[in-house]
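Visitor: here is the input, now give the coordinates:
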Amino acid sequence: MPELPEVETVRRGLLPHLEGQRIARAEVRRPDLRWPLPVDLVQVLTGAMVTALRRRSKYLLADLDRGGTLLMHLGMSGRMLVQDASLGDFHRDPAILPRHDHVVLTTEAGSTITFNDARRFGMVDLIREGSAHPLLDHLGPEPFDGAFTPAYLAAAFAGRRVPVKQALLDQRIVAGLGNIYVSEALHRAGIDPRRAAGRIGAARIAALVGHIRDVLTDAIAAGGSSLRDHRQASGELGYFQHSFRVYDREGAPCPTPGCSGSIRRIVQGGRSSFFCPACQR
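Guide: Numbering: from 1, shown residues only. Presented below is the predicted three-dimensional model:
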């Protein structure tokens, strides 16, 4: 499932093709993905201008000049494909089958943006003008928001017995984090993912906030992590998987200087956690 860096990478790749552009044609090629598509999606999008392309947590949001917002989630295998002859030739990976092209937008400038999703766990919806959306209502602050401070995280952790790994995956506490980057941030911070969130001191929480931001910044700069399905909007792979310290490295030596431990894998909340039991406490 794409996490914040992958979705942000896709957003930045789509910006020159979609933000500030008017949609000349919208096509919907099936009635549903994970959930039914809005029945008036074509009508709403055709002729609308995208005034801003945003990200909230793991969602893409395209604000429309006629009011309302297009909400998209990539799911497990969703990809945003771009064809724009004015910016160079477009070469589609033959492994990305056209039968999985479900929503296609063509702008007046000539760009074609395609939502392709083989497994159909992604979603496309409309947020009506003046309305909220249940998928966004519960979200906590973004990791790069000014509201995500050590004091905020300490208050969110206070008294909680849940392991810190699971607390950080709670989107009500902080939005956008997922399994990969929580594992990586906890290793950088030297915190055992099994430690109760409420038993982490203020100084370590302050360091953790910084490490969360650092690992996300590094991952965005690398185009995210491509493990199975993630591709940038250009079609390129992300490269942060080559910089993993612990994730998916079970049995490998710990990369922390001076540490003689090795990476261990455990299961927490049905998900794999990777950490070094020697230097994460």
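
Visitor: for this structure, which helix is longest?
Guide: In the chain, taking DSSP state H as the definition, the longest helix is helix 202-221.

Visitor: once you drop chain neighbours, what's closest to L64?
Guide: Ranked by Cβ to Cβ, 6 or more residues apart in numbering and with sequence neighbours excluded, the top spatial neighbour of L64 is A48, at 4.4 Å. Every C-beta, even on glycine, is put in place using the N, C-alpha and C of the backbone.

Visitor: residue contacts, that neighbour?
Guide: 22-23, 64-66 (Cβ atoms under 8 Å, 6 or more residues apart in numbering).

Visitor: sorry, back to before: export the longest helix of the chain as PDB, just CAs?
Guide: Taking C-alpha atoms only, helix 202-221 is exported to PDB below (Å, rounded to 0.1, in the frame of the first residue of the first chain):
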ATOM      1  CA  ALA A 202      10.100  13.500  26.200                       C
ATOM      2  CA  ALA A 203      13.700  13.700  24.800                       C
ATOM      3  CA  ARG A 204      13.300  10.400  22.800                       C
ATOM      4  CA  ILE A 205       9.900  11.600  21.500                       C
ATOM      5  CA  ALA A 206      11.400  14.900  20.300                       C
ATOM      6  CA  ALA A 207      14.200  12.900  18.500                       C
ATOM      7  CA  LEU A 208      11.500  10.600  17.000                       C
ATOM      8  CA  VAL A 209       9.600  13.500  15.500                       C
ATOM      9  CA  GLY A 210      12.800  14.700  13.700                       C
ATOM     10  CA  HIS A 211      13.600  11.200  12.500                       C
ATOM     11  CA  ILE A 212      10.100  10.700  11.100                       C
ATOM     12  CA  ARG A 213      10.500  13.900   9.100                       C
ATOM     13  CA  ASP A 214      14.000  13.000   7.900                       C
ATOM     14  CA  VAL A 215      13.100   9.500   6.700                       C
ATOM     15  CA  LEU A 216      10.100  10.900   4.800                       C
ATOM     16  CA  THR A 217      12.200  13.700   3.300                       C
ATOM     17  CA  ASP A 218      14.800  11.100   2.100                       C
ATOM     18  CA  ALA A 219      12.200   8.800   0.700                       C
ATOM     19  CA  ILE A 220      10.400  11.600  -1.300                       C
ATOM     20  CA  ALA A 221      13.800  12.700  -2.700                       C
END
